[in-house]
Each structure stands twice: as C-alpha cells, then as structure tokens.
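S.K.: Predicted structure and sequence below. I'll ask about it afterward.
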Amino acid sequence: MRKARLVGTRWLGVGLAAVLAVVTLGLAATGRLGLYINPDSTWFTVGMSVVVLVGAVASFTLPLGAEAEHGHDHGDGHDHGDALHAPAPSEDGRGHDHGHARRAGVATVVGGVAASGVVLLALVLPPASLSAQLAMSRDTGAPPLFAGADVVALATTGDTSEFGIGEWATVFATATNPDAFDGDAVELTGFVTPGGGDFQLTRLVITHCVIDAQPASIPVVSASGSAPDTGQWVTVSGTVRSSSDGRLVVDAASVEPIDEPQDPYEF
C-alpha cells in the first residue's frame with residue numbers, strides 16, 4: 001500500500017510534468033505549438049520543456065519515498081523531547097484528525113485522476129483550433145482593441161498591406177475620420193460569424209496563449225447579399241467603404257470558401 005502511494009505521488013509530480021513536456025516538444029517539432037501559444041513564446045516554452053524533461057528523468061534515479069524523507073531526521077533528542085512534551089490527543093481529536101485525513105485523501109485521489117485524465121487526453125487527442133462557437137461566446141458586443149493609436153495613424157497613410165482582421169477591427173472601432181479609409185483595398189482571411197453587414201469576418205487574436213483569445217470582427221457586405229455558413233473559413237477581397245452614417249464596412253468583390261489555414265489565429 002505504501003509503495004502504491006509513493007508511486008502515485010511521483011506520478012502526480014514528475015510523471016505528469018514529463019508527459020506535458022513531451023507533448024509540448026512534439027507539438028513544437030510538428031509545427032503545431034502555434035495552435036496553443038503565441039509563436040513569440042515558442043523558444044521559452046521549448047526551453048522550459050527540455051529543463052522539465054531532464055529534471056523528470058533525473059528524479060527517477062532517486063529511490064521511491066526519498067522526497068518524503070527530506071527534513072524528517074532531526075536527531076534522537078529532539079524527537080524524544082517532542083514526544084515527551086506533546087499532549088495526548090483526546091478521542092474526539094483523533095476522530096477529527098482521521099476524518100480530515102480521509103477527506104484529504106479522497107480529494108487527492110479525485111484531483112489526481114482528473115489531472116491525469118486531462119494530461120493523457122492532451123497526449124492522445126489531435127491538436128485543434130478554437131471554434132467559431134467559442135469566438136461568438138466570447139463576443140461581448142464591444143469591440144476589443146488589439147492595437148494602439150499608431151495603427152490607426154499608419155492606416156491613414158494607406159500602408160495597410162500587412163493589416164489583419166485585428167488591426168482593421170481597431171480601425172473600424174476607433175476611426176474619427178472614416179472617409180480617410182474609404183477606398184482602401186483589402187484581402188483578408190477569417191471565418192464567418194453573424195453580425196453587421198451581410199456577415200462578419202472574424203479571427204481569434206491571441207496575446208500569449210489560447211486562454212486569452214479574443215474575437216476580432218469586421219462587417220462585410222457583398223453583391224449577392226447572402227452569407228456563407230457560420231464557421232466557414234473564407235478569403236474576402238474587396239474595398240473598405242464609409243457608409244452614410246459614418247460606419248466602415250468591407251465591400252466584398254469576392255468571397256472564396258477555403259479550408260482552415262495552418263495558422264488560424266492572429267497574434
């Protein structure tokens with residue numbers, strides 16, 4: 001029983017850490033780590049995974065229970081003194097202690113099973129991008145600003161060739177002179193969500209990892225007046241137009257359905 005407990009302790013520590021490190025290195029080697037984190041953080045994540053894996057392998061050279069024995073050898077005099085001066089626990093106290101220990105043990109087992117399940121699922125399930133449904137659920141109705149005033153200033157010069165949906169969403173939300181952008185040509189890729197115009201062209205924007213992913217959307221109108229299915233990835237080619245009420249929209253010359261791109265996020 002004691003050996004099983006020690007093995008479980010080691011699995012919940014270095015075992016799970018080693019599995020996560022292997023998963024991370026595998027994703028990096030296959031070019032799919034960008035489905036979970038900002039590519040700018042890849043070098044740090046890979047480096048830390050290597051450190052964790054080396055430490056995990058080294059830890060298995062220690063005998064079982066070695067980590068639990070640290071700090072328990074205080075000398076005979078100290079131990080005996082503690083035993084002589086410690087008050088004897090009451091019967092009720094023992095019952096309370098035993099009940100607390102049982103509850104702690106159950107919580108440890110449940111937490112360990114849950115953590116092991118999550119880690120093993122990460123090992124066996126194929127990587128996948130966040131869905132359009134999740135993007136819509138995170139849409140608060142107020143456009144998140146993914147860029148500062150420098151992006152809007154750059155847009156007024158006409159140099160928008162490198163703009164993604166995140167930058168254009170910021171321009172659309174903050175432009176004080178919409179006519180300055182009227183006529184700008186755009187070619188943008190994203191997935192379809194319902195909203196302003198005939199549909200919205202949406203992309204998830206990540207700062208650090210998928211946990212902080214936020215949707216960026218811009219309204220699109222097309223000559224057909226119809227919208228592709230929600231969640232469908234499309235490439236929209238067209239022109240930015242300023243409407244009579246001062247709103248900016250993309251007037252689409254073409255809307256081409258495509259497969260999900262290898263890099264589904266903007267950063």
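M.R.: Sure thing, it's come through. Numbering: from 1, shown residues only.
S.K.: ok, which stretches of the chain are helices?
M.R.: With DSSP state H, the ranges of helices along the chain come out as 2-10, 16-29, 42-59, 66-69, 76-85, 91-124, 132-137, 149-156, 165-174.
S.K.: Out of these, which gets the lowest mean score?
M.R.: Here the lowest mean pLDDT among the helices of the chain goes to helix 76-85, at a mean of 47.
S.K.: And Gly195, how far from Leu188?
M.R.: When Cβ to Cβ, to the nearest Å is applied, the distance between Gly195 and Leu188 equals 15 Å. In short, each C-beta sits where N, CA and C put it, glycine included.
S.K.: Apologies, that question was intended for Thr42.
M.R.: Using Cβ to Cβ, we find Thr42 at a distance of 25 Å from Leu188.
S.K.: which of those two has more neighbours?
M.R.: Residue environment comparison for Thr42 versus Leu188 gives the larger neighbour count to Leu188, 19 against 16, counting by other Cβ atoms under 10 Å.
S.K.: ok, so what distance separates the more buried one from Val46?
M.R.: Counting by Cβ to Cβ, the gap between Leu188 and Val46 amounts to 31 Å.
S.K.: Could you report the neighbour count for Ser161?
M.R.: Neighbour count for Ser161, taken as other Cβ under 10 Å: 9.
S.K.: er, Gln133 actually
M.R.: Other residues within reach of Gln133, judged by other Cβ under 10 Å, total 11.
S.K.: need the contact list for it.
M.R.: Under the criterion of Cβ atoms under 8 Å, 6 or more residues apart in numbering, the contact list for Gln133 reads Gly231.
S.K.: Next: Ser242.
M.R.: Going by Cβ under 8 Å, 6+ apart, Ser242 touches Pro178, Asp179, Phe181, Asp182, Leu248.
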